[in-house]
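*Asks:* just coords:
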């Protein structure tokens with residue numbers, strides 16, 4: 001083997017892993033402080049109102065956590081009268097703060113237990129789920145295979161990896177770098193499962209994208225550099241609404257991370273999806289409303 005190939009093979013695996021980790025996290029100290037202050041959500045004494053009768057469970061993305069991913073959207077929904085909750089899932093031993101790396105089916109089991117906890121605390125019969133990136137896709141496993149459809153009214157995915165990603169073509173290079181696929185599968189199972197054509201993605205989407213009784217909304221940006229091509233995020237089936245933020249505001253430049261972290265145009269569409277009976281038009285002005 002040529003020397004440069006010896007260097008590139010492990011480097012390529014590392015770059016692929018790093019490329020998926022686009023969602024920025026704050027420092028460990030900031031995350032801990034935010035969690036300690038409760039950040040205005042995860043209040044288990046909150047009782048849903050007649051206007052918003054279902055609690056909202058926020059499901060973070062890959063390499064994120066229950067605090068950092070939602071410093072924008074959680075207060076946005078809380079200020080609009082929702083009971084808002086968020087969980088950590090997919091933790092790896094010895095890896096603090098950076099989650100959603102474990103096997104996705106096991107993460108879905110964690111989500112199932114958490115939804116049960118939220119429903120028991122709030123007294124609600126159903127919850128609404130809002131997820132970013134992997135967090136917009138993983139709940140579909142819960143709905144399809146773990147009985148979640150009877151407990152969930154709506155799933156809103158922001159930049160969800162619904163059909164696997166090519167990472168702008170980088171995943172096509174995996175077979176050329178010995179050990180890269182094994183590294184992803186062994187060290188970070190959720191990354192390998194999110195590659196287009198994986199066994200997990202094939203099983204998740206076999207027989208259709210949706211299950212009866214749940215409303216689905218996908219909010220995507222054409223500038224997504226992580227879940228590519230971006231239209232692979234969209235779902236097909238009854239009860240599906242697919243939204244491209246640039247169709248609502250052509251100057252919205254949000255990419256994969258910021259569409260979930262800070263984009264109030266996307267947030268406005270989340271609010272519309274949670275309460276379609278009182279939806280209002282989303283425009284560029286929604287960024288300051």
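*Replies:* Happy to help now that I have it. Not measured: the values here are computed from a predicted model.
*Asks:* now the strands: where do they sit in the stretch 51-200 of the chain?
*Replies:* Ranges of strands within the stretch 51-200 of the chain are 56-59, 84-87, 127-132, 152-158, based on DSSP state E, counting those that start in this stretch.
*Asks:* indicate which one of those is closest to residue 110.
*Replies:* Of all the strands of the stretch 51-200 of the chain, strand 84-87 sits nearest to residue 110, with 6.9 Å by Cβ to Cβ. For the C-beta atoms, the positions are set from N, CA and C on the backbone; glycine is no exception.
*Asks:* what strands line up against the closest one, and which way round?
*Replies:* With DSSP bridges as the test, strand 84-87 is paired with strand 56-59 (parallel).
*Asks:* tell me where this structure has helices.
*Replies:* Along the chain, counting by DSSP state H, helices occupy 3-20, 28-37, 73-78, 104-122, 134-145, 180-187, 189-193, 199-205, 245-248, 256-261, 264-274.
*Asks:* and of the strands of the stretch 51-200 of the chain, who's closest to residue 288?
*Replies:* strand 152-158 (19.4 Å).
*Asks:* in a markdown table, list the strands of the stretch 51-200 of the chain along with distance to residue 282, mean neighbour count and mean pLDDT.
*Replies:* A markdown table is the format used below for the strands of the stretch 51-200 of the chain (distance: least, Cβ to Cβ, whole Å; neighbours: other Cβ atoms under 10 Å; pLDDT from 0 to 100):
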| stretch | distance to residue 282 | mean neighbour count | mean pLDDT |
| --- | --- | --- | --- |
| strand 56-59 | 18 | 28 | 98 |
| strand 84-87 | 20 | 24 | 98 |
| strand 127-132 | 16 | 27 | 98 |
| strand 152-158 | 13 | 26 | 98 |
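*Asks:* so residue 98 touches residue 68, yeah?
*Replies:* No: counting by Cβ atoms under 8 Å, residue 98 does not reach residue 68; the two are 9.5 Å apart.
*Asks:* so the two - more neighbours on which side?
*Replies:* residue 68 (23 against 20; other Cβ atoms under 10 Å).
*Asks:* so for the more buried one, what's the pLDDT?
*Replies:* Per-residue confidence for residue 68 comes out at a pLDDT of 96.
*Asks:* so residue 188 is in contact with residue 92, correct?
*Replies:* Yes: using Cβ under 8 Å, residue 188 is in contact with residue 92, at 7.4 Å.
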